[in-house]
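J.: Provided below are the primary sequence and the corresponding predicted coordinates.
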Amino acid sequence: MVFFLTSLLLLSMFTVLPDRSGGLRYIEGNVSYRASWNMMGNVTSIGDLDQNGYVDVALLLPGNSSIHPDGGTVHIFWGSEEGLPPISPENAGITFYGNDSFRLGSSVAIWDHDGNGWGEVVLGCPGAGNGSGEVLVFDSILVNGAPDGTVLGPHRAMYTLLDDNVSGFGFELCSGRFLSPDKEDLMVLSRGNSTNDPTLMFYQGGRLPVMGLDISIPPLSVTEDTASISIDLSGRGRDSFIYSAPERGEVRILNLYVNESFFPLPGSNSSGVVDFEGAIFKTADTWGWGAGDDGWDTAPAHVYDSDSGADSVRYNQETGNARGYNRSVSRVNRLDMEVGGVLSNSGGRDMSGAYGVSFHLSAENVTGKNSAVISFDYTWEDWGFENTERMWIKARLTDPDQNVNWLGSDLDFNPDPDPTNEIWSMRGQMTSPPNPTGRILSGRGHFEGEITHMLSGPGEYYLDMGGKITQWTTSNEFGAFGFDNITLKIGSVNSDLKLMTGPSGLGTKLFSLDATGDGVDDLIVSNPGSSVVRVFRGGDPYWGRIPGINAEMDNVTISGEDDTGFGTSSLSLDSSPFTPTEALFISAPYTENDYEEGESGSGALYRFDLPLPEGSVDTLSSSYLVQAPNGTFELGKALVSLEDPDDDGYPDFLAVSRDASFRLNVLHYDRGPNPPLLSIDSPDRGVPLFGVVRISVTVRDPDSDVDPGDVRFFLSIDNRSWSLLNGGGPDLVEDQHAVKLWNTSNYENRVYFLKVEVTDAFGLKTERYSNSVTVFNHRAPSVILTYPTDGMVLKGNEEVTAKVFMPQGELLNGSVRFLFSRDNSSWFEFANSSEPNPGSDTDHTVLLDTTSIPDGRIWLKANATTVYGLGKEDRNSAPCMVDNAYPVEVEFLANLSGNLSGIVNVTARIFDRDGDLKEPVELFVREDGGIEWTFIGNMSAGMNHTYFLMWDTTSVDNGWYQLRILARDLTHLETSELLNHTIFISNIYPPTIHFVDIEAGQVFTAPPRLRARIEDRDMNFGKDDVKFYYRDPAVGFWNRISPVLVTGDLAIADWDTSILKNGLYDLRVEVTDRDNLTAFDEIRGVHVKNLRKPTVEGDLLPSSGPLSGTVRIVFNITDDEEVPIGNIKVEVFVFSEWKEVPGVMKLDN
């Protein structure tokens, strides 16, 4: 984005000034207009008042006394295709002045009070009426139709708004759509004083402007620096009225709403709408043709003007023909009428006709109500009117006192004016007599008008509406008019007031613009005293849901430098070919800027790319800074967007400031392509250059189409022929700075000239030249390290030699320093030489005692410096090797006495003086008195030459042992260190025991031998420590089995099962060692099944005598298990042989 700062008086007289404004080129000529600063002058945009497509501007001078003392003056400047004229009173299109002490212009608003699309100029005069104040409303017709240079006083105002018993009425004005998105309203604040509280009067769009509604506001809520604005903050589709009390750190948000209901006009349906569905409301069958009032009645012909024939008006009936003319009219669901066309010539008279209805308003209908609105739809048809003829639609309300009030506004203007307001008006379109059968034009519309000021109280009212036409030339010319959906809504306007609180100064300035990029204007609340600007997202229902707002609840916080007045004014400008994003400008009028000697000024404008990010933003996020020109102070007291007054494709704006004499100064900024701006920051002038010189250039480009990396640096010895300096491009780019590092040591000592240039994306090139610079280099000596050479092995005392060549005229500073390093990074001086070797002018030799240095790699270097601090050095490319073959020293550090067990930390100090220790360091162990060593592990390096190993002693059996450490170096020297005492390993190991060859479910048919295997690493148990058990699971307790025989790791016991009943048993074996550690094993569920013969008992025969017949033989059989019947055999010995007796039966258990 590029700006031209232009004078608004003589644009052709200008001088291009050097860069002083943060990369902005501006043009300065005669200033636009200077007025006394104490007049509190200001400039503001009033939009496109004359609707020619260009922004108009007002110069407000409430303290101007050129016409009346303290009367105040407002000058309007019309924007046009020629651009905005210079802001100077002689160029004003129209000027308003106030009477004595009026202070006219303390506030201004543009208000389309009647909804005709043209805004009236509203001027606050808080000093009028001895300080009570008044507001002047100037008719848009008067203002827009006045010739250039017109001067208007208070007596030319269309309306004067007053409020009784207040102070400073008109101190603050604000227009907005507070009740309806379709109507513009006006808010008027009075300032109040020690005896009167401040007041807020609301004037509703569509009403008679003098009828205001007093809105209650808190005392002390208006202060001397109160600001106000209208914006749809809560997304209601209607504006909130927002005003501030900065001294108290308060901002109030007022929302209005209407509670209203439909009044039942005669003929209305259940919804309160007169829609003429089915029939026209009537009280008799006259359909409006009889005398008297019967519903929607016809007024006499020519109701709007005097004398006319009754046959000039025709009304549609439900059926039949139009009266007086043979034209069939279909039944319609609206009121229709025709005017004109019966007579061949009207005799030069206007003709009109209307429908009307009476209705009664009771005291209940009007008491406590402050809103009444009439609305209806209308249609029209133009039958053959020529362009010298006109049609109107009109409506009026007659009150109980027979006062006639015309609805609508004055729409016809000159020529052919109608003396009263109208709803609609149009000229004919024909240029010759029409085709008798052709309908030319038709259309429709909707009217809604406030009639509260027309209601004088309870009583009978008469509402009528109709059409009117001018004279006509043939009988085929007439107008047709229709009306439908007629309503009367009566209600009251109520308010809701929210409070925003914050630090003192909050709301000193209020602005609205889309800062967050969502397409909805946001509320900008500024506190210049604290240099803080807060953004509250507009159209957000959240603000309407919460009871109050804290300033810190903002969506974006923009912070400026302290004490600069940051946030005094702001505006947004659209994108352009040179500014790809919309931009927000915020002024800081008290910013102290850097000026050349003899120049002065203050004030700056910061540009921020939109949309702004959520959270905190500061001036470091600004795209660039616009600084005040020389002689301009407090730049940005006000900023005014002009859109594009000169049609050059780039938005412009005005910035208000003052001059050194405290006179008002208005500067016009225009944007266009501009070359990038360069300034050479270093080297300083007049300072001889030597060594590496930093050439720093600052690059500024409001177009944002150049990169500091594109800067090219040039060098010349004659200021005429130029060559690129070391390739031309910068060596470093730091933000907006391009840096070239010039090694002057490579150049001859002499005078040189420097030039820098850069070309932007639009092909615009900027060059900057330095004054002559002098290069005077003291030369550094040359140093060559000649011995030892790379890779040599050094032992004992070694000579180190360097050749040092001193340039002519240079003196050695002290001595040649010799240094060594073990890592080629950290260096240590070991010797120096102030004089060359005997017989040589260049060789310097010193001794290096390598025995004082641990073995290993070593780098060497020599350094020489002149008395001017210029030095050179040389070093080995590859290291030498110190190797004095020192053995490794090993010393055990850990206390390894007593009984050792578990994990033992074996620690040793291992030092190799020549630094060639070869890892790993190994640890070994062997049994005391043994021969073979067992490797334990590699020791880990710790700090201070320590090595350690965490040894798990369970890796060996308990007993006496010896330890040894083995370390080696790169020369294969080996050190073996034996611990000077033996150690005893005593680990406790728990035993384990398991049954052998026995498993669950096994069946024993004879007494078994039980065996169990015992494992115990320390074998510290005896035979009495092993026990076997059995148990009957049904009984639960264990019975010991003995004796137990222990052989090695095997325990044996014989289990006598013969004494047991056959059945299921559990087995257990356990061992407890001398450390009282117990192990056991159990087998659950083995079967004892001893084989036994059954026994037979009982008297086989019932008696010893002779037997006869069937004899019962009874006997008992006893066995561990039930004997199957089939296994029982009974035999009888008869005649020397046994014979089986069948039929054995079981009697019981």
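T.: Now that the structure is in, tell me what you want to look at.
J.: do me a favour and get the end-to-end distance for stretch 367-376?
T.: With C-alpha to C-alpha, to the nearest Å as the measure, stretch 367-376 spans 25 Å from end to end.
J.: what is the least confident helix or strand in this structure?
T.: strand 15-16 (a mean of 26; mean pLDDT, DSSP states H and E).
J.: which outside residues touch the longest helix anywhere in the chain?
T.: Longest helix of the chain, by residue count under DSSP state H: helix 140-145. By C-beta atoms under 8 Å, 6 or more residues apart in numbering, the residues outside helix 140-145 that reach it are 49-51, 76, 94, 112, 116, 118-121, 152, 156, 158, 410, 413. Backbone N, C-alpha and C define where each C-beta goes, glycine included.
J.: how is this structure partitioned into domains?
T.: Here the domain parsing of the chain from automatic domain parsing is 3-32+560-672, 263-487, 677-775, 782-841+855-879, 888-985, 992-1088, 1096-1141.
J.: so which of those is the most surrounded?
T.: domain 3-32+560-672 (a mean of 20; mean count of other C-beta atoms under 10 Å).
J.: distance from the chain centre to that domain, please.
T.: Offset of domain 3-32+560-672 from its chain centre (C-alpha atoms, centre = their mean, to the nearest Å): 27 Å.
J.: equivalent analysis for stretch 690-703, please.
T.: For stretch 690-703, the distance from its own C-alpha centre to the chain's C-alpha centre is 35 Å (C-alpha atoms, centre = their mean).
J.: repeat that for stretch 1006-1021.
T.: Taking the mean of its C-alpha atoms, stretch 1006-1021 sits 79 Å from the chain's own mean (C-alpha atoms, centre = their mean).
J.: now the helix or strand following the longest helix of the chain: average pLDDT?
T.: Next along the chain after helix 140-145, taking DSSP states H and E as the criterion, comes strand 150-152. Averaged over strand 150-152, pLDDT sits at 94.
J.: starting from strand 150-152, tell me which strands it pairs with and how they run.
T.: Applying DSSP bridges, strand 150-152 is found paired with strand 94-97 (parallel).
J.: remind me what the next helix-or-strand element following the strand it pairs with packs against, helices and strands.
T.: Downstream of strand 94-97, the first helix or strand assigned by DSSP H and E is strand 107-111. Contact partners of strand 107-111 among helices and strands, from 3 or more C-beta pairs under 8 Å, 6 or more residues apart in numbering; DSSP states H and E: strand 120-125, strand 172-176, strand 185-189.
J.: next, format these as TSV and append mean pLDDT and mean neighbour count.
T.: Shown next, in TSV, are those (pLDDT from 0 to 100; neighbours: other C-beta atoms under 10 Å):
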stretch	mean pLDDT	mean neighbour count
strand 120-125	96	28
strand 172-176	96	23
strand 185-189	95	27
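J.: need those strands in TSV with distance to residue 719, can you?
T.: Below are those laid out as TSV (distance: least, C-beta to C-beta, whole Å):
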stretch	distance to residue 719
strand 120-125	62
strand 172-176	63
strand 185-189	67
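J.: state the distance from residue 962 to residue 923.
T.: Residue 962 is 12 Å from residue 923, where distance means C-beta to C-beta, to the nearest Å.
J.: also residue 135?
T.: 103 Å.
J.: next: residue 148.
T.: Relative to residue 923, and taking C-beta to C-beta, residue 148 is found at 109 Å.
J.: what does residue 499 give?
T.: 81 Å.
J.: now residue 553. Nearest residue, chain neighbours left out?
T.: Nearest non-adjacent residue to residue 553, counting by C-beta to C-beta, 6 or more residues apart in numbering: residue 536, 7.8 Å away.
J.: in the sheet, who's paired with that neighbour?
T.: Under DSSP bridges, the beta-bridge partners of residue 536 are residue 523.
J.: I'd say it and residue 554 touch.
T.: Yes. Residue 536 is within contact range of residue 554, at 5.4 Å (criterion: C-beta atoms under 8 Å).
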